[in-house]
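Undergrad: Just the structure for this:
(one chain, ligands or ions: 1)
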Amino acid sequence: MHKYKYTTIDPITRIEGHLGIEVLIDNGIAKEAHASGTLFRGFEIILQGRDPRDASRLTQRVCGVCPTAHATASALCLDDAFGITDKIPENANFIRSLIFGCNLLQSHILHFYHLAALDYVDATKATGEIHPFTPRYQGDYRLSEDINNQALKHYIMALDIRRKVHEMLTIFGGKMPHNVGIIAGGVTERPTEDKIANFLARLKEIIDFIDNIYIADVLAVARAYGDYFQIGKGCGNFLAYGGFATAGGKLFKSGITSDGQKADSFKQQNITEDVKHSWYRDESSGKNPKQGETKTHPEKETGYSFIKAPRYEGRVYELGPLARTVVSFAQDDGKTKKMLQPILSEFKVGVESLFSVLGRHAARALECKLISENMLQWLNGLEPDGPISCEYEIPQEAQGSGLSEAPRGSLGHWISIKDKKIQRYQIITPTAWNGSPKDDKDQSGPIEQAIIGTKIKDEKNPFEVVRIIRSFDPCLACAVHLINAKGKRLGEFEVV
Ligand code: NFE
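TA: Next up, the predicted model:
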């Protein structure tokens, strides 16, 4: 009989939310991985029977980290259902992008410095203290003392930068989290010269931080941990809905690719959600979110997660900053190619090496550069006397969808309206894709696939596993909700 070592990390700390991972290790290799979202969300149920306009307020409560992504997707969804997508004034498009862009920047900076960096930076070297930097693993910290100390200073500096990005968001969004600026039909806040100047003053400092500190720190980590260009590849399929309307189309391109060289167009009717291994009733399996249902079945024996398994044409796809970068690269996007080239040259790697732990961190930092620089154009495009919203009537019956990007990948909202009320609402978050369990064909989800096959050097300190998981920046608050408290368990036992 085969004896496996079976490692459970639950919860994974320094991520957003509560994710449990079980990894089956055989002779130092991860043979099997189960990603489990052990909380139930249920916003789809809360929304039934409500005024459709409530969606932009309530769905933001799905998560305090990416609420503006939900505000954006729900506003697009309502615009579509109300038949006003083409009537949204340019001012409103720019202000929506500015509000959402702030949130994306803040989220990426949060992820690198306050969630992921301590996998690479040894906080105890400078402070001599383990607390409050726990839990942490022992061993594989490779940065020189100087770079390590500098990174710790930047850890503190990044807190201040995030505060300033929040302030920037409130100029047009009113507050953070859960802005009140983005609504169906446009936005609530008029652009004034004062507000534009206020935004700009902060933006210059943020751009400076991204260009000279954030990107430099990611490169410093990449130089010391170069083997992580080969670790955590995952499914190798990438999908992006596209986002951030600009004058020349979308800043983030829409599409799918499997090699980073050639992209195909994305069609939302090809999305389905499987539930064979999720705690939902089997009759809702395989449905497109337009017809999607949320019927829980927590006792289901084949289930191991409250996350469904979203698939595209029945295949597993990774979403997120890396997916957006690769999808744009495959479409020959000049800005993306220009940003990536110095990295590919310095590390002497091809685009396929970006399908990795380090590729995900690099893509996140680079898209901060892209967004922050585009903010200057969006600010310049504002017309203080121009309109900020359009009129509409809530239809008696309608359907709509709102596809956007979120910090962690593509985000979709779908609505059906009946008697002017929400009849059905479905949300598929990026972490639902990336953190999904196996599907009806037993294909493992993207994070699971990225772990399977990985060599684990020290099973008591499974750096590889947590670095892979955190490179996806999972947010289980987004994917699932409602706590079913479980303690931390990190150990080994034999499965016979
Ligand atoms: Ni809670 Fe979210 C993002 C969304 S992830 S953070 O980004 O949508 O599923």
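
Undergrad: what residue is smack in the middle of this structure?
TA: Closest residue to the average C-alpha location of the chain: Arg408 at 0.9 Å, with Cα atoms, centre = their mean.

Undergrad: check contacts around the residue of the stretch 201-350 of the chain found nearest the ligand.
TA: Proximity of the stretch 201-350 of the chain to the ligand (Cβ to the nearest ligand atom) peaks at Gly320, 8.3 Å away. In short, each C-beta sits where N, CA and C put it, glycine included. The neighbourhood of Gly320, defined by Cβ atoms under 8 Å, 6 or more residues apart in numbering, consists of Arg360, Ala363, Arg408, Gly409, Pro430, Asn434, Phe472, Asp473.

Undergrad: what about the residue lying closest to Ile29 once chain neighbours are set aside, neighbour count?
TA: Using Cβ to Cβ, 6 or more residues apart in numbering and skipping residues adjacent in sequence, the residue nearest Ile29 is Lys455, 5.8 Å away. When neighbours are defined as other Cβ atoms under 10 Å, Lys455 has 11 of them.

Undergrad: From the ligand, how far off is Lys455?
TA: Here Lys455 is placed at a distance of 29 Å from the ligand (Cβ to the nearest ligand atom, to the nearest Å).

Undergrad: Quick check: phi and psi at that residue.
TA: Dihedral pair for Lys455: phi -80, psi 130, per degrees, to the nearest 10.

Undergrad: Tell me which stretches of the stretch 251-400 of the chain form helices.
TA: Applying DSSP state H, counting those that start in this stretch to the stretch 251-400 of the chain gives helices spanning 321-330, 334-346, 357-380.

Undergrad: The stretch 51-200 of the chain now?
TA: Using DSSP H, counting those that start in this stretch, helices in the stretch 51-200 of the chain cover 54-58, 67-82, 90-109, 123-127, 145-173, 193-209.

Undergrad: ok so, going back, pretty sure the residue nearest to Ile29 is touching Gly28, no?
TA: Yes. Lys455 is in contact with Gly28 according to Cβ atoms under 8 Å; the separation is 5.9 Å.

Undergrad: Need the per-residue pLDDT for Ala450.
TA: We have a pLDDT of 98 for Ala450.

Undergrad: What count of nearby residues applies to it?
TA: Using other Cβ under 10 Å, Ala450 has 30 other residues around it.

Undergrad: picking up where we left off before, spit out the contact partners of the residue nearest to Ile29.
TA: Shown in contact with Lys455 (Cβ under 8 Å, 6+ apart): Gly28, Ile29, Glu464.

Undergrad: Check Ser258 too.
TA: Gly236, Asn237, Phe238.

Undergrad: quick one: which of those is nearest Asp211?
TA: Distances from Asp211 to the contacts of Ser258, taken as Cβ to Cβ, are shortest for Phe238 (25.9 Å).

Undergrad: Now that closest one: closest residue in space, sequence neighbours ignored.
TA: The spatial neighbour of Phe238 that comes closest, neighbours along the chain excluded (Cβ to Cβ, 6+ apart), is Ala323 at 3.8 Å.

Undergrad: hang on, the earlier thing: contacting the ligand as well, which ones from the contacts of Gly320?
TA: Among the contacts of Gly320, the residues that sit close to the ligand (Cβ under 6 Å from any ligand atom) are Arg408, Pro430.
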